[in-house]
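In: just coords:
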């Protein structure tokens, strides 16, 4: 997490086996094994312009993170980097590290997209909802064969942002980060 636009990169656990540090072959952000099966298997919005709208017949809309000015790291989960086969000490010294996590520089292999979904909100069926502040970056398959989805939170406007700007405040991002860590352990 970082100050300013307060985005958090989150790895969602999609597999159940813990990763042994001895068993993994270390990667860098530039050499992660992205698969991105969601975008290959589910319909993607043909509209390439990013503006708030109703989207029909698609599960994802392609988007790009909005850059932030002067980002810096506030908190980091070293074990989450390990799950991706990244060496935290090596990656945190990478000059592009903060730019990658802020969305100011694209991590090679990512395909940013916002997820469209529907459901009930405030006691009523709401029709189209969607990721108004989150962006799917892709799915990394680590050396143990585990699949991990990477996301940005608060990365900027998506077709599902409604009347908001797609950003998040630092307070709620820290709360989500701590809850994610607690649920993992």
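Out: Looks like it came in fine. Given the structure is predicted, the values throughout are model-derived calculations rather than measurements.
In: didn't residue 127 look like it was pressed against residue 118?
Out: Yes. Contact criterion C-beta atoms under 8 Å: residue 127 and residue 118 qualify, at 5.5 Å. Placement of C-beta: from N, CA and C, glycine included.
In: buried residues in the longest helix seen in the chain?
Out: What stands out as the longest helix in the chain, according to DSSP state H, is helix 170-184. Neighbour counts over helix 170-184 (16 or more other C-beta atoms under 10 Å) mark 170, 173, 176-177, 180 as buried.
In: mind checking how far it is from the chain centre?
Out: Distance, stretch centre to chain centre, for helix 170-184: 14 Å (C-alpha atoms, centre = their mean, to the nearest Å).
In: in three-state terms, label the spatially most central residue of the chain for me.
Out: Centroid check for the chain by C-alpha atoms, centre = their mean gives residue 151 as the closest residue, at 0.8 Å. Under DSSP: H, G, I helix; E, B strand; the rest coil, residue 151 falls in the strand class.
In: helices of this structure, residue ranges please.
Out: Ranges of helices in the chain, per DSSP H, are 37-41, 78-83, 88-92, 97-102, 170-184.
In: residue 63: which of those helices is closest?
Out: Nearest to residue 63 among the helices of the chain is helix 37-41 (12.0 Å), distances taken as C-beta to C-beta.
In: buried set for that closest one?
Out: 38-39.
In: kindly report the same for stretch 113-126.
Out: So, applying 16+ other C-beta under 10 Å, buried residues of stretch 113-126: 113-116.
In: export these to JSON lines and tack on pLDDT?
Out: Shown next, in JSON lines, are these (pLDDT from 0 to 100):
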{"residue": "113", "pLDDT": "94"}
{"residue": "114", "pLDDT": "92"}
{"residue": "115", "pLDDT": "92"}
{"residue": "116", "pLDDT": "90"}
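In: any low-confidence regions in the protein?
Out: 1-24 (pLDDT under 70).
In: what is the burial count for residue 162?
Out: 12 (other C-beta atoms under 10 Å).
In: all good on my end, thank you.
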